[in-house]
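S.K.: Following is a predicted model, sequence given first.
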Amino acid sequence: MTVQLTHFSAAFVFALFASIVFGITHRETTRDMLRYGLYCFVMFLGGALAAGWAMWLVRR
Amino acid sequence: MANSTAARTNPAAQPASMMSVIAPAVGWLIPGAGHIIQKRWIRGVLLLVSIGTLFVLGLMMQGHIYKANGGDILDILGFIGDLGAGGMYLATLAMNGGQGAIAFAIADYGTKFMIVAGLLNFIAVADAYHIAIGKKQ
């Protein structure tokens, strides 16, 4: 059985699961875990989108 | 002399308990299990689902799994990353899985997914150890 993810969905899945692990392992309280996990998720996905648009601009 | 004084006065220095050995070992073998045996149920299950899903998705994306090697430095680093996945890595090797089709970009993503799953499990193992020695709640 094979899975064919798009580039965006692969980035989304990666950001989601990596952020969950980062949130749990890098903070002490549940509230801080949630906040840090959300921060990591936004940074992962936002960074990928920003890099994508930057490459699009460079290519023009 | 100075070291023994520091060890007595440092509140963070805890005596090594059996749990500080068992939790990281079990956590390496099964992601999240190091937290589960210390009654951190939700954290353990979330780690298991996150790391397990990344690794299985990597396999299903036709990712390549690295075996022990003494060749290229990137291959050695890939092996170290994959090794972090513990039981999932050993099971994949035993079933002769992870024979990646490197011609596809998505398969390359799969390879990276499995390496990252292993590296994230190393972090989870360290976290389980910190909980076991009382450095973290």
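M.R.: Structure's in. What do you need? Since we're looking at a predicted model, the values are computed, not measured. Numbers count the residues shown, from 1 in each chain, chains lettered A, B, ... in the order given.
S.K.: all helices in the chain, in order from the N-terminus.
M.R.: Because you didn't say which chain, this covers chain A. Counting by DSSP state H, the segments of chain A that form helices are A:7-26, A:30-59.
S.K.: try chain B instead
M.R.: Under DSSP H, chain B gives helices at B:2-9, B:19-29, B:33-36, B:41-60, B:73-83, B:87-94, B:105-132.
S.K.: Which helix or strand in chain B has the lowest average pLDDT?
M.R.: Here the helix or strand of chain B ranked lowest by mean pLDDT, DSSP states H and E is helix B:2-9, holding a mean of 44.
S.K.: Looking at the helices of chain A, spot the one closest to residue B:85.
M.R.: Closest to residue B:85 of those, according to Cβ to Cβ: helix A:7-26, at 12.6 Å. C-beta: built from backbone N, CA, C; applies to glycine.
S.K.: Can you tell me the closest non-neighbouring residue to residue A:3?
M.R.: residue B:60 (4.2 Å; Cβ to Cβ, 6 or more residues apart in numbering or on different chains).
S.K.: State the number of residues packed around that neighbour.
M.R.: 15 (other Cβ atoms under 10 Å in any protein chain shown).
S.K.: who wins for proximity to chain B among the helices of chain A?
M.R.: With Cβ to the nearest Cβ as the criterion, chain B lies closest to helix A:7-26 of the helices of chain A, at 4.1 Å.
S.K.: Just list what the closest one packs against, helices and strands only.
M.R.: Judged by 3 or more Cβ pairs under 8 Å, 6 or more residues apart in numbering or on different chains; DSSP states H and E, the packing partners of helix A:7-26 are helix A:30-59, helix B:41-60, helix B:105-132.
S.K.: tell me the most buried of these?
M.R.: Stretch with highest mean neighbour count among the helices and strands packed on helix A:7-26: helix B:105-132 (a mean of 23; mean count of other Cβ atoms under 10 Å in any protein chain shown).
S.K.: Get me the contact residues on chain B for chain A.
M.R.: B:43, B:46-47, B:50-51, B:53-54, B:57, B:60-62, B:105-106, B:109, B:113, B:116, B:120, B:123-124, B:126-127, B:136-137 (Cβ under 8 Å from any Cβ of the partner chain).
S.K.: got the helices of chain A as TSV, with mean pLDDT columns?
M.R.: As requested, the helices of chain A are arranged in TSV below (pLDDT from 0 to 100):
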stretch	mean pLDDT
helix A:7-26	96
helix A:30-59	96
